[in-house]
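# no sequence on hand, only this structure:
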């Protein structure tokens, strides 16, 4: 091999090394951004719902009013975190958010927290609330 062949091999090696370094750096940065977004999401949800999640220390008499008051902060946290949810899981995340705020209602944009209220035929309302929040938070692992 003459010197031009060595030069070509060296240039190709440098180019491949540069591309691989860039790809690794981009992957590492995306992973760090997702980790930070997950931490922020979990912290926001925990702060807003601290009276009722993970343990219902002070379950409000009017849970509907409490959760409606918490909704804007939770909606902002969901909107900020959603881009970090992998595309293949985004529909499941949206469904978890919908189930949290609407239960089995028909309208996607509505808020109805009846599934977290004490009724005779709803004895496990606090557990249902905890499970729905945990499903939502499971996307931020």
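Done, it's in. Because the structure is predicted, anything quoted here is derived from the model rather than measured.
# part of a helix, is residue 28?
Yes - under DSSP: H, G, I helix; E, B strand; the rest coil, residue 28 falls within a helix.
# look up phi and psi at residue 62.
When read as degrees, to the nearest 10, the backbone of residue 62 gives phi -110, psi 80.
# equivalent analysis for residue 53, please.
phi -140, psi 140.
# nearest residue to it in space, please, no chain neighbours.
residue 133 (5.1 Å; CB to CB, 6 or more residues apart in numbering). All C-beta atoms are positioned from the backbone trio N, CA, C, and that covers glycine.
# separation between that neighbour and residue 141?
14 Å (CB to CB, to the nearest Å).
# which of these two has more neighbours?
residue 133 (19 against 7; other CB atoms under 10 Å).
# picking up where we left off before, shouldn't the residue nearest to residue 53 be in contact with residue 48?
No - counting by CB atoms under 8 Å, residue 48 is not a contact partner of residue 133; they are 10.4 Å apart.
# show me the shaky parts of this structure.
104-109 (pLDDT under 70).
# helices of that one, start to end?
3-48, 63-81, 87-102, 125-137 (DSSP state H).
# what lies in contact with the last one?
If I follow you right, that is helix 125-137. Residues outside helix 125-137 that contact it (CB atoms under 8 Å, 6 or more residues apart in numbering) are 41-42, 45, 49, 52-54, 56, 59, 78, 93, 96-97, 99-100, 115-119, 122.
# what's the angle between that helix and helix 63-81?
Here the directions of helix 125-137 and helix 63-81 differ by 10 degrees (axes from the mean of the first three to the mean of the last three CA atoms, to 10 degrees).
# now do stretch 92-112: distance from first to last residue.
20 Å (CA to CA, to the nearest Å).
# in it, what counts as buried?
The neighbour-count check on stretch 92-112 (16 or more other CB atoms under 10 Å) flags 93, 96-103 as buried.
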